[in-house]
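*Asks:* here is my input, please return the structure:
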Amino acid sequence: MKFKKALSHTILLKTINTICNFAINLLIVRLLGVADSGHFFYTISILALVNLLIGLCIENGITYYANKYPGQIKKISIAVFFLLIIQSLLSWLVFSVLPISFPIGIATLFVVGYMAINYFTAIFTAQKKYIAVNLIPVIVNLVFVSWLCYCLFNTSAGSAFTQVHFIEIYIASILLQAILLILHFFVFPSVTLQDSLWHPGLGVKILKFSLMVFLGNLIYFLVLRIDYYFTEKYCDAIAFSNYIQVSKIGQMLLLLPSMAATVIFPYTASEESHFMLAATLRSLRIFLTIYILIALALIAGGYWIFPFLFGNAFGKMYLPLLLLLPGILFLTVMTVLSAYLDGIKKLWYPIVGNLIALISIAILDYLFIPVWGIYAAATISSIGYFLCTAFTCFWFFKFSGADLKDIFKLNLADFSFIRNT
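*Replies:* You can find the predicted model right below:
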């Protein structure tokens, strides 16, 4: 089955890339130290938010409608460059007003590089071509990891780089990924790019679809990171850095269901596979099983592993992670089911679910983080994640006709699915 092959390729390469990203995160922490690393990742979060606001999630509209109208792919790929020019100018204006601690040009390149990656990833995804889009980040990140290792073990090289230098190198790796994706698309096209006429109203359709996804992604982004604002404001630098790493581990655990979501969405949207509901539920059961095994390993060894990996200053990570793990379990369910709902154009239900979570987390964070610090932040996040997952599940079951037991009822066919993937 094409879906199973696409899923297996995506999981394999993105798992390798996740390991690379974890190594990059770990090495930056080791090189910058506890206080500066927290500020570094907080800065990257601000850049990511600006990227989301200016990008408007147009890549999602591209994925959906390039999938619907494959003859338009060449026209869409050309239009992307004009879009990038406009968005680069907007980025420059935003960063000229927004107070940031590094050059405006570097920040603008971050946004433009990520947008280029998003757009051409969307085009490859619409064609259901997953090898290049996943292999290129792996190659680039392996080079980045090698460079960071050199800096760590070569004291003179590591001490010569400041936080701004790390941001510059980080952004250079993003630009390299974007350039390689663009070159691969035009030099080695994976499909015959047709010169068909522009489909009437396609641009408007892409924008309307993207704006709905943008609203959901913006709320989801804030759901995952609104606690950064309160912990940075009310906690000391060491506790804040500890919590940043806890949050990043939680986000890494969400990469596995996100991998499935990138495959489930285009296949469901294309309506070419009548088995997508069963495949979605089967994928979710498998990911939940893997997640539970990883969670048990973290519970058993995290108390010793985190200080060993990150340094003794990160001894406060263990308890907040235990409090956050149930929430990540809930988000795993929501991520996969939301991809199915998005594919059948029921986008509003995950959006409302995330809005419920955001409002709940923001209010409770404001009330309890000043008193209980990062422990309150982790607990409140889990509560908010449960609320949005419960809401999304209700509507998923209503539209799909599935049952709650279908999520947890692991069976022999699931293991066969894994073996044959």
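
*Asks:* any idea of the pLDDT on His274?
*Replies:* You'll see His274 listed with a pLDDT of 51.

*Asks:* for Leu222, same thing?
*Replies:* So Leu222 comes in at 86 (pLDDT).

*Asks:* report the next helix or strand after the helix or strand harbouring it in sequence order.
*Replies:* According to DSSP states H and E, Leu222 maps onto helix 202-234. With elements assigned by DSSP H and E, the helix or strand that comes after helix 202-234 is helix 237-253.

*Asks:* and that next one, what's buried?
*Replies:* By neighbour count with 16 or more other C-beta atoms under 10 Å, helix 237-253 contains the buried residues 239-250, 252-253. (C-beta placed from N, C-alpha, C; glycine too.)

*Asks:* angle of the helix holding Leu222 against helix 237-253?
*Replies:* Per axes from the mean of the first three to the mean of the last three C-alpha atoms, to 10 degrees, the angle that helix 202-234 makes with helix 237-253 is 150 degrees.

*Asks:* in terms of secondary structure, what does helix 202-234 contact?
*Replies:* Secondary-structure packing of helix 202-234 (3 or more C-beta pairs under 8 Å, 6 or more residues apart in numbering; DSSP states H and E): helix 34-55, helix 58-68, helix 237-253, helix 348-400.

*Asks:* so where's the stretch 101-250 of the chain shaky on pLDDT?
*Replies:* Applying pLDDT under 70 to the stretch 101-250 of the chain flags the ranges 101-102, 127-130, 132, 155-166, 188-201.

*Asks:* do you know the pLDDT at the closest residue to Leu255 other than its chain neighbours?
*Replies:* If the residues on either side of it in the chain are set aside, Leu255 comes closest to Thr18, at 5.0 Å by C-beta to C-beta, 6 or more residues apart in numbering. On pLDDT, Thr18 comes in at 77.

*Asks:* how far away is Thr18 from Ile294?
*Replies:* 11 Å (C-beta to C-beta, to the nearest Å).

*Asks:* again, but for Gly384
*Replies:* Distance from Gly384 to Ile294, by C-beta to C-beta: 22 Å.

*Asks:* more crowded one of these two?
*Replies:* Shown here are Gly384 and Ile294; by other C-beta atoms under 10 Å, Gly384 has more neighbours (28 against 16).

*Asks:* roughly how far apart are the more buried one and Ser360?
*Replies:* According to C-beta to C-beta, Gly384 stands 5 Å off from Ser360.

*Asks:* show the contacting residues for the residue nearest to Leu142 when sequence neighbours are not counted.
*Replies:* Leaving aside its chain neighbours, Leu142 sits nearest to Cys20 (6.0 Å; criterion: C-beta to C-beta, 6+ apart). By C-beta atoms under 8 Å, 6 or more residues apart in numbering, Cys20 lies in contact with 138, 141-142, 144-145.

*Asks:* check which helix or strand covers Cys20.
*Replies:* Counting by DSSP H and E, Cys20 is part of helix 2-32.

*Asks:* again with Leu142
*Replies:* Per DSSP H and E: helix 131-153 holds Leu142.

*Asks:* which of the residues in that helix are buried?
*Replies:* If you call a residue buried by 16+ other C-beta under 10 Å, then helix 131-153 has these buried ones: 132-138, 140-141, 144-145, 148, 151.

*Asks:* name the helices or strands packed onto the one helix or strand Pro326 maps to?
*Replies:* Element membership for Pro326, per DSSP H and E: helix 318-343. The contact analysis (3+ C-beta pairs under 8 Å, 6+ apart) places helix 318-343 against helix 237-253, helix 255-270, helix 276-310, helix 348-400.

*Asks:* quick one: mean pLDDT for that helix?
*Replies:* Helix 318-343 shows a mean pLDDT of 83.

*Asks:* would you mind getting the angle between that helix and helix 276-310?
*Replies:* Using the same axes, to 10 degrees, the inter-axis angle of helix 318-343 relative to helix 276-310 is 150 degrees.

*Asks:* what comes up buried for helix 318-343?
*Replies:* Neighbour counts using 16+ other C-beta under 10 Å place 318, 320-343 of helix 318-343 among the buried residues.

*Asks:* low-confidence regions, the stretch 251-400 of the chain specifically.
*Replies:* By pLDDT under 70, the low-scoring segments of the stretch 251-400 of the chain are 258-279, 342-345, 347.

*Asks:* repeat that with 90
*Replies:* Across the stretch 251-400 of the chain, the ranges flagged by pLDDT under 90 are 251-321, 325, 328-355, 371, 373-374, 388-400.

*Asks:* quick one, domains of the protein?
*Replies:* If you go by automatic domain parsing, the domain ranges for the chain are 1-199, 239-421.

*Asks:* and Cys388, how far is that from Val97?
*Replies:* Going from Cys388 to Val97 by C-beta to C-beta gives 32 Å.

*Asks:* more crowded one of those two?
*Replies:* Cys388 (28 against 8).

*Asks:* gap between that one and Lys14?
*Replies:* For Cys388, the distance to Lys14 (C-beta to C-beta) stands at 24 Å.

*Asks:* got it, and Ile131?
*Replies:* From Ile131 over to Lys14 the distance is 12 Å, taken as C-beta to C-beta.

*Asks:* ok, back up a step: so which elements touch the helix holding Leu142?
*Replies:* Judged by 3+ C-beta pairs under 8 Å, 6+ apart, the packing partners of helix 131-153 are helix 2-32, helix 104-126, helix 155-159, helix 163-187.
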